[in-house]
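In: My questions are about this predicted structure, shown below with the sequence.
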Amino acid sequence: MRSFQIVKRVKQVMAVLSQPSSLASINDLPWNNVLHAAAKPLFTDSKVMISFEDLCERLGLPDQVTCKPLLRGDLTPGGVSPRELTILCHLAGHLQPKRLLEVGTFRGRTTLNFANVLPNSEIRTFNWPQELCSFPVGEHFRGTAFESKIIQVWGDTRTYDFSQIPKIDMAFIDADHSYEMVHVDSAKVFSRLNDDGIIVWHDVDRNHLGSTRAVMEFCNSKQLPFHIIEDSTLAIASRRLAKS
Ligand SMILES: C[S@@+](CC[C@H](N)C(=O)[O-])C[C@H]1O[C@@H](n2cnc3c(N)ncnc32)[C@H](O)[C@@H]1O
């Protein structure tokens, strides 16, 4: 173990001794991995996994992809894959939410694509303030014809008052993928979601068992039907997915 890791562990132990409830917020401890592993069976649960085609059928959408994503080739680490971008464009493009909220702008690739398929919608994208980021937030849409259509909201989801955001029809949650923060972001977004609105999360897969577990717990607590879309790391939840 390197010295900085030892210092980090000592600090964690001290923090837990002084405030035992902080144990749950230490995301990289081995026993947290064990807790998060409880989410693993979801990936083999046929009631949870859904193919793109079946999802389209459940939502009454065509399954032939016609929306062409922009900037497919830009695969900055941390961003969605080309297939995921295609799925997001297809869902947004056919559902045509009046208001969409994205949590986690990063360089703006997904934001740009939402703006491209939603010419008549109000699009908000939320991120930490630029001065706290080491990359140009939203660079993909800045200076393009889409910029004036996109409302950039700056803040930290932990402290931002989401009641300032009008009710939304679709949300894409793709910010901090830790167990705790996915719970926080999901609750805040859900508080602004219309009854038949749709939430999509990124990074719900075997490599992100914390966020997977948070999505599962959150949806169960709200009795919100949810699925993980096969061959992607996207999860989707909506009352519209309830079986009739
Ligand atoms: C994975 S990136 C988003 C990628 C983007 N959706 C895309 O695919 O083009 C996550 C972003 O969320 C932001 N972020 C993380 N935690 C946040 C928080 N608590 N509040 C606001 N922004 C946050 C980061 O600054 C980063 O830009």
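Out: Everything's here; your move.
In: Burial check on residue 242, number of neighbours?
Out: Burial measure for residue 242: 10 neighbouring residues, criterion other Cβ atoms under 10 Å. (C-beta placed from N, C-alpha, C; glycine too.)
In: Hmm, it is touching residue 225, no?
Out: Yes - judged on Cβ atoms under 8 Å, residue 242 makes contact with residue 225 at a distance of 5.0 Å.
In: okay, now residue 99: neighbour count?
Out: By other Cβ under 10 Å, neighbour count at residue 99 equals 21.
In: Who does it form a beta bridge with?
Out: On the basis of DSSP bridges, residue 99 is bridged to residue 122.
In: how much space between residue 61 and the ligand?
Out: Distance, residue 61 to the ligand, using Cβ to the nearest ligand atom, to the nearest Å: 22 Å.
In: List the residues that contact the closest residue to that residue other than its chain neighbours.
Out: Leaving aside its sequence neighbours, residue 61 sits nearest to residue 94 (Cβ to Cβ, 6 or more residues apart in numbering; 4.4 Å). Neighbouring residues of residue 94 by Cβ atoms under 8 Å, 6 or more residues apart in numbering: 59, 61, 62, 67.
In: dump the residue contacts of the closest residue to residue 241 other than its chain neighbours.
Out: Distances taken as Cβ to Cβ, 6+ apart put residue 225 closest to residue 241, at 4.0 Å, once the chain neighbours are dropped. Each residue near residue 225 by Cβ under 8 Å, 6+ apart is listed here: 219, 237, 238, 239, 241, 242, 243.
In: Now with 7 Å, please.
Out: 237, 238, 239, 241, 242 (Cβ atoms under 7 Å, 6 or more residues apart in numbering).
In: wait, which of the residues you listed is closest to the ligand?
Out: Nearest to the ligand among these, counting by Cβ to the nearest ligand atom, is residue 237 at 17.6 Å.
In: What distance do you get for the closest one to residue 160?
Out: 22 Å (Cβ to Cβ, to the nearest Å).
In: And those two? Which one has more around it.
Out: residue 237 (23 against 15).
In: What sits closest to the more buried one if chain neighbours are left out?
Out: Once flanking residues are discounted, residue 237 sits nearest to residue 226: 3.8 Å by Cβ to Cβ, 6+ apart.
In: Now do the contacts for that neighbour.
Out: Counting by Cβ under 7 Å, 6+ apart, residue 226 has contacts 215, 219, 235, 236, 237.
In: now do residue 192
Out: Taking Cβ under 7 Å, 6+ apart, one finds 101, 162, 165, 167, 168 in contact with residue 192.
In: repeat that for 10 Å
Out: Applying Cβ atoms under 10 Å, 6 or more residues apart in numbering to residue 192 gives the contacts 99, 101, 124, 162, 163, 164, 165, 166, 167, 168, 171.
In: Just the buried residues out of these, in PyMOL syntax.
Out: Per 16 or more other Cβ atoms under 10 Å, the buried members of those correspond to this PyMOL selection:
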select buried, resi 99+101+124+162+165+168+171
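In: Just to be careful, could you list which of the contacts of residue 192 are in helices?
Out: The helices, defined by DSSP state H, take in nothing from the contacts of residue 192.
In: Just give me the closest of the contacts of residue 192 to residue 10.
Out: Nearest to residue 10, judged by Cβ to Cβ, of the contacts of residue 192 is residue 162 at 36.4 Å.
In: helices and strands around the longest strand belonging to the chain, which ones?
Out: Longest strand in the chain by number of residues (criterion: DSSP state E): strand 193-201. Applying 3 or more Cβ pairs under 10 Å, 6 or more residues apart in numbering; DSSP states H and E, one finds that strand 193-201 contacts helix 82-95, strand 99-103, strand 168-173, helix 179-190, helix 209-221, strand 226-229, strand 235-238.
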